[in-house]
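**Q** kindly return the folded structure for what I paste below:
(2 chains)
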Amino acid sequence: MASQPAPVSGEIIVRVNNVRKTYRSTVAVEHVDLEIRRGEFFTLLGPSGSGKTTTLRLIAGFELPDSGMIEINGADVTKKPPYDRDINTVFQDYALFPHMSVAQNIAYGLETRGVKRADIITRVDEALRMVRLEGFGERLPAQLSGGQRQRVGLARAIVNRPQVLLLDEPLGALDLKLRQEMQSELKRIQAEVNITFLYVTHDQEEALTMSDRLAVFNKGRIEQMGTPVEVYEKPSTEFVANFLGTTNILDRDGRRIMIRPEKMVLTGSGDTLAAAGYHGEPGIVRDAIYVGMFSRYLVELSGGAVVTVVQQNLDRFSASQARQRGEHVQVSWRPENVNAL
Amino acid sequence: METRFTRIALGLWTAAILLFLFVPIVLIIIYAFNASNIQSFPIQGFTLKWFGSAWQNDEIRTALWLSARVGIVSTTIAVLLGTAMAFAVHRFQFFGKEAVSLVVVLPIALPGILTGMALNSFFVFWGMGLSYWTIVIGHATFCIVIVYNNVIARLRRVSGSLEEASADLGANTFTTFRRVTLPLISTSLIAGGLLAFALSFDEVIVTTFTAGAQNTLPLWIFGAIRLGQRLPEVNVVVLAVMAFTIVPVLFAFRMMDQTTDSTGK
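**A** Have a look, this model is predicted:
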């Protein structure tokens, strides 16, 4: 999916201000500040236990913060229960009501808000069509596959046309192929309904491909916030650099610097690329791995550090032309691709 | 890998145990149709006359009616209190929670004679005459356990995110209980209630200590056997008690079987 410009108006729809939440003596999140704009696909990314799900649950109202403030659409909802917030959630375990049919599940939110019977029927049909489950209305959740249940969960939330849709690792329980299919489904649906999506995931690729902006969580705090390009190309901490893809971290001239493996070039030991503006260092290939589209090399630099270098296999790969283990090489990179940490 | 011999031996052993358990019961059923009033095997002939005379007997009818009322009222109390208890223990963290959940279950683990004597002393101490209500209270103590166990087991299986989903979809606490929680635990409530009723209906020991002049059906049977009177009618009554208790127990087991599909997991 190409990251297309989002229909972002700049208006803040969700504002989280210096929120802190503890469970007994453990700090789940602290100093969390977020500003999510209307129409955005915003992702909270981080490893498990980093505070991303807690932040989502605080916005949903399932948990109340110890301190700080949460605003939705300009109104302070910090102390309000979930049923007084104009948002809906898609749950990781789907949380479909097992004693209700698919249609009853989807109608539930409309009924509690007193929508007229005739309108409910139309809107449920519309929601079923949107998630491509026409004709499944009378089934029970137990009669559906995992992917279908997730679609029902999505329909049940979207049918209420909330200001913000919260998605808590919605694809976590699906297998890879289904997950990729649902990723594009989600983007399609978001474009169709034009609702702000707040998405929680631990999958960095998912976060990069789907988000307009993302916040990277670590140990209860936000480490960095920005567009996928900003966060990947200019990570502000070592954690972010390592969590989104792989990276090489070197100590040079008393600074710690970071270079992505794909931004390094391998040449023969004599071939410096200095004339082309590259900085180069000699090294020895310690390992060479053929991955198909590219090859991955582990190179020990003369200073002792081992870096990962990724080279695209632009021409048909032949073992004789590839760098061999033990070969002396030159590793080069452009200074502008270096990030100081 | 089991040999042919062990399979046959295990089969025979199982058959022997089943016979040991059920031959006495079958015997009583057969005796209920015995034409003679002397219990000997094989029976002298087939008759239904004891059913009629049992039904005509005022003592038996009074006892049956008392047992039914005690069962229904103590089950109702147990359903209300046991469910409330299960929710409290499942939902909330409070000081002494583990102790409370043990104490609730204790009446079923204690020998009935302890519960019976304790209740008896308590009623006498406070000068409460033994009556219909003391029987109900006695039965409620162990009926609560049955309901509590059933409901809490179900609550533990119902996914917590279902109630969150309901709140998320705009339902307040009461609506969530009425439309999501209650339907999901209803079969465990009914199963618990049926089992509690069955237990109350054939209870002897606690009843002995908490009943005054009244006779519940099991107490009447016990008395009649001790005095060696009306044995043919006793067989008929036992048959009736069995029918009364087995049916709810069977229903209860079917209800408890409705597990995975109805709990959202």
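
**Q** output the set of residues of the stretch 51-200 of chain A in proximity to chain B.
**A** Selection of the stretch 51-200 of chain A residues close to chain B by CB under 8 Å from any CB of the partner chain yields A:60-62, A:81-83, A:87-89, A:91, A:93, A:95-99, A:108-109, A:112-113, A:140-142, A:156-157, A:160. In this view, the C-beta of every residue, glycine as well, is placed from N, C-alpha and C.

**Q** so of those, which ones are in helices?
**A** Counting by DSSP state H, the members of these that fall within helices are A:60, A:108-109, A:112, A:156-157.

**Q** tell me the one of those residues nearest residue B:237?
**A** Distance from residue B:237 was checked for each of these by CB to CB. The minimum falls on residue A:108, at 50.9 Å.

**Q** neighbours around the closest residue to the closest one other than its chain neighbours, how many?
**A** Nearest residue to residue A:108 in three dimensions, chain neighbours excluded: residue B:169, at 5.1 Å (CB to CB, 6 or more residues apart in numbering or on different chains). The local packing count at residue B:169 equals 30, with neighbours defined by other CB atoms under 10 Å in any protein chain shown.

**Q** now do the contacts for residue B:169.
**A** A:83, A:88, A:108-109, A:112, A:156-157, A:160 (CB atoms under 8 Å, 6 or more residues apart in numbering or on different chains).

**Q** with residue A:334 instead?
**A** Neighbouring residues of residue A:334 by CB under 8 Å, 6+ apart: A:263, A:277-279.

**Q** so which of those are in helices?
**A** The helices, defined by DSSP H, take in nothing from the contacts of residue A:334.

**Q** for the residues you listed, point out the one with the lowest pLDDT.
**A** Lowest in pLDDT among these is residue A:277, which has 87.

**Q** number of nearby residues for that residue?
**A** Once other CB under 10 Å is used to define contacts, residue A:277 is seen to have 10 neighbours.

**Q** phi, psi for it please.
**A** phi 90, psi 10 (degrees, to the nearest 10).

**Q** thinking again about what came up before, just the buried ones from the residues of the stretch 51-200 of chain A next to chain B, in ChimeraX syntax?
**A** Buried residues within these, as defined by 16 or more other CB atoms under 10 Å in any protein chain shown, are selected in ChimeraX through the command that follows:
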select /A:60,61,62,82,83,87,88,89,91,93,95,96,97,98,99,108,109,112,140,141,156,157,160
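
**Q** would you turn the contacts of residue B:169 into TSV with pLDDT and distance to residue B:158?
**A** Output for those, formatted as TSV (pLDDT from 0 to 100; distance: CB to CB, whole Å):
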residue	pLDDT	distance to residue B:158
A:83	94	19
A:88	95	21
A:108	96	16
A:109	95	20
A:112	94	19
A:156	96	18
A:157	95	21
A:160	94	23
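
**Q** what's the farthest-apart pair in these?
**A** Applying CB to CB across those, the maximum distance is between A:83 and A:156, 14.7 Å.

**Q** per-residue pLDDT, the residue nearest to residue A:108?
**A** The predicted local confidence for residue B:169 comes out at a pLDDT of 95.

**Q** sketch out the low-pLDDT regions of chain B for me.
**A** Counting by pLDDT under 70, chain B contains low-confidence ranges at B:1, B:257-265.

**Q** what segments of it are strands?
**A** All residues of chain B lie outside strands when identified by DSSP state E.

**Q** residue B:217 against residue B:203, yeah?
**A** No: taking contact to mean CB atoms under 8 Å, the distance of 10.1 Å between residue B:217 and residue B:203 leaves them out of contact.

**Q** just the helices in chain B please.
**A** Taking DSSP H as the criterion, chain B contains helices spanning B:4-31, B:49-56, B:58-91, B:97-109, B:112-125, B:132-157, B:161-168, B:173-176, B:182-201, B:205-210, B:217-227, B:231-257.
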